[in-house]
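J.: how would this look folded up:
(one chain, ligands or ions: 1)
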Amino acid sequence: MTVPPTDTINAILERFESQAPATDGLLAGVNIAVKANICTTLGITSAASRMLENYRSPFEATVVTRLRRAGANLIGTTNMDEFGMGSSTEHSAFGPTRNPWDTDRVPGGSSGGSAAAVAAGIATVALGSDTGGSIRQPASHCGVVGLKPTYGRVSRYGLVAFASSLDCVGPIGRCVRDCAQALQIIAGEDPHDATCARVPVPNMINQLDTPIDGLRVGVVRTMINDHNHPAVNAVCEAAIERVRRSGGEVVDVELPHADHAVAAYYLIAPAEASSNLARYDGVRYGYRAPADKNSTLDEMYTHTRTNGFGPEVRRRILLGTHALSSGYYDAYYQRARKVRRLIKQDYDRAFNEHGLHTVVTPVSPGPAFRLGEKLADPMALYLEDQYTVGVSLAGLPAISVPAGMTDDPKPLPIGVQLIGKAFDEPTLLRVAATLEAAWSQRDSFKPQVGMC
Ligand code: GLN
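T.: Have a look, this model is predicted:
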């Protein structure tokens, strides 16, 4: 890949002064960018929204504190879909990010700036957030590794909330090891976040070179189908073959409720978002619409929220408010919660009854699409998430690993998704590292910079 100019990619929203970081620590001197919805005290935390265009956080996110203490150099904030809502980074108030592999294409989203920054060598590692696929899908589209930890493994303190029962912070890096190292630093309980699990953090790194002999890897056959781009199916099959050749035992597994994941997610996530975003009312935070002296308080709220939020965020708030409104609550929101439970039970069954260690699926039904291609059709964009949102509803860890390319004249990267048991990131990372090492083209594919 010839790396296009940084300005063209538009991955970074704000650059920070270099901080003279500590000389020891696992991440000493490593250049790390953070998604613009993660609070720092070094600049603006805009979540790529006009609403927070000038918002300076008075505190920093726990993950940022931990990165700094480990010696990282924070280089800036990365572009994203406004408040994390989207799969293409086209819903940023500050212009889209472009895919470094082909600048006519999207990098995926919503952590598209983080994935593109790593793919283009602007940052060694970037933090993203994943509510329904926002770390995994852009990592796949940009040819880098993206890790969504188990829900509760990493503190959400200082993450601008989208859907609190789903939001996770995680790393995007050039290789599995970089992601494992970053996770090692940011993981672990936090008194500032009651949903951050009080469980010990295992060593994320020391199993990376352990062979996967005897590990059981589930394949969801229905997810390799004619609706996918043919290259996605071919890459998945090749990855499964690599697992087998590396000593893994491949078994077919069913997730009977997987087809309902998109519907359930697009009720639960907007419902939570409508509640979380109620705070942006022009009084307490950020943007306030200019008022003429005759306008009422209600008019001020209306103008602030109409002008301060982009169209996708407004759509989500309306969807979520409707799903939660009296008379519809049982039919939509409660029903979606029941479906969520069934989806989780599918995974529990797959892992426990089949004795699986990990499950492999596509990340996305296709490679990166063209800018503008899906903007007019929100449903088409929502379907981008069909293989990632179920994992989020189940709260499980998952990683996207580069595993192949399309054979277009401008080849595009394609990742596969590995899903792990709750709080078993070390095994997930071990399978991911094996898959990464077994891909013979990986050396020419990976930009030759970074920690690994
Ligand atoms: N694309 C999904 C959405 O728009 C997921 C976003 C995310 O994970 N933040 O909601």
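J.: buried ones in stretch 209-226?
T.: 212, 215-220, 223-224 (16 or more other CB atoms under 10 Å). Using the backbone N, CA and C atoms, a C-beta is placed for each residue, glycine as well.
J.: Just the element for the residue in the stretch 351-452 of the chain that the ligand sits nearest to, please.
T.: In the stretch 351-452 of the chain, the residue that lies nearest the ligand is residue 385 (4.8 Å; CB to the nearest ligand atom). For residue 385, there is no host helix or strand (DSSP states H and E).
J.: For it, which residues are in contact?
T.: With contact taken as CB atoms under 8 Å, 6 or more residues apart in numbering, residue 385 is in contact with 87, 132-133, 137, 262, 265.
J.: same deal with residue 262?
T.: 382-383, 385-386, 389.
J.: returning to that earlier point: just the ones in helices from the contacts of residue 385, please.
T.: The helices, defined by DSSP state H, take in 137, 262, 265 from the contacts of residue 385.
J.: Could I get those residues in JSON lines, plus columns for pLDDT and distance to the ligand?
T.: Listed next are these as JSON lines, based on pLDDT from 0 to 100; distance: CB to the nearest ligand atom, whole Å:
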{"residue": "137", "pLDDT": "98", "distance to the ligand": "7"}
{"residue": "262", "pLDDT": "98", "distance to the ligand": "10"}
{"residue": "265", "pLDDT": "98", "distance to the ligand": "7"}
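J.: and which of those residues is nearest to residue 405?
T.: Ranked by distance to residue 405 (CB to CB), the ones in helices among the contacts of residue 385 are led by residue 137 at 16.7 Å.
J.: my guess is that closest one meets residue 389, correct?
T.: No: using CB atoms under 8 Å, residue 137 makes no contact with residue 389, being 10.2 Å away.
J.: what about the two, which has more around it?
T.: residue 137 (31 against 25; other CB atoms under 10 Å).
J.: The more buried one: what's its closest spatial neighbour, skipping adjacent residues?
T.: Excluding the flanking residues, the one nearest residue 137 by CB to CB, 6 or more residues apart in numbering is residue 108, at 4.5 Å.
J.: What distance do you get for the one you found to the ligand?
T.: Using CB to the nearest ligand atom, to the nearest Å, we find residue 108 at a distance of 9 Å from the ligand.
J.: what's the neighbour count on residue 239?
T.: Residue 239: 26 neighbours (other CB under 10 Å).
J.: Against which helices or strands is the helix or strand containing it packed?
T.: Taking DSSP H and E as the criterion, residue 239 maps to helix 230-245. Counting contacts by 3 or more CB pairs under 8 Å, 6 or more residues apart in numbering; DSSP states H and E, helix 230-245 packs against strand 216-219, strand 249-252, strand 358-362, strand 398-405, strand 413-420, helix 425-438.
J.: Let me know the average pLDDT across stretch 232-248.
T.: For stretch 232-248, mean pLDDT rounds to 97.
J.: Can you tell me what sits against that stretch?
T.: 211-217, 219, 224-225, 250, 360-362, 364-367, 401, 403-404, 414, 416, 431, 434-435, 438-439.
J.: can you pull the buried residues of stretch 348-361?
T.: 350-351, 356-361.
J.: State the mean pLDDT of it.
T.: Rounded mean pLDDT across stretch 348-361 is 96.
J.: And it, end to end?
T.: 16 Å (CA to CA, to the nearest Å).
J.: and the angle for the longest helix belonging to the chain with strand 413-420?
T.: Ranked by residue count under DSSP H, the longest helix found in the chain is helix 335-353. For helix 335-353 against strand 413-420, the angle by axes from the mean of the first three to the mean of the last three CA atoms, to 10 degrees is 80 degrees.
J.: Taking their axis directions, helix 335-353 and strand 358-362 sit at what angle?
T.: On the basis of the same axes, to 10 degrees, helix 335-353 is oriented at 130 degrees to strand 358-362.
J.: Does helix 335-353 reach the ligand?
T.: No: against the ligand, helix 335-353 shows no contacts by CB under 6 Å from any ligand atom, the least distance being 13.8 Å.
J.: Tell me which other helices or strands that helix touches.
T.: helix 261-276, strand 358-362, helix 389-394.
J.: if we go to 6 Å?
T.: If you count contacts as 3 or more CB pairs under 6 Å, 6 or more residues apart in numbering; DSSP states H and E, helix 335-353 packs onto helix 261-276, helix 389-394.
J.: Please point out which parts of the longest one sit buried.
T.: Just to be clear, that refers to helix 261-276. 261-262, 264-276.
J.: CA atoms of it as CSV?
T.: C-alpha atoms of helix 261-276 as CSV (Å, rounded to 0.1, in the frame of the first residue of the first chain):
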residue,chain,number,x,y,z
ALA,A,261,-29.6,-9.5,16.2
VAL,A,262,-29.8,-6.4,14.0
ALA,A,263,-33.5,-5.8,14.9
ALA,A,264,-32.8,-6.2,18.6
TYR,A,265,-29.7,-4.1,18.5
TYR,A,266,-31.4,-1.2,16.6
LEU,A,267,-34.0,-1.0,19.3
ILE,A,268,-31.8,-1.4,22.4
ALA,A,269,-28.9,0.8,21.2
PRO,A,270,-31.1,3.8,20.1
ALA,A,271,-33.3,3.4,23.3
GLU,A,272,-30.2,3.8,25.5
ALA,A,273,-28.9,6.5,23.2
SER,A,274,-32.1,8.6,23.5
SER,A,275,-31.7,8.5,27.2
ASN,A,276,-27.9,9.2,27.3
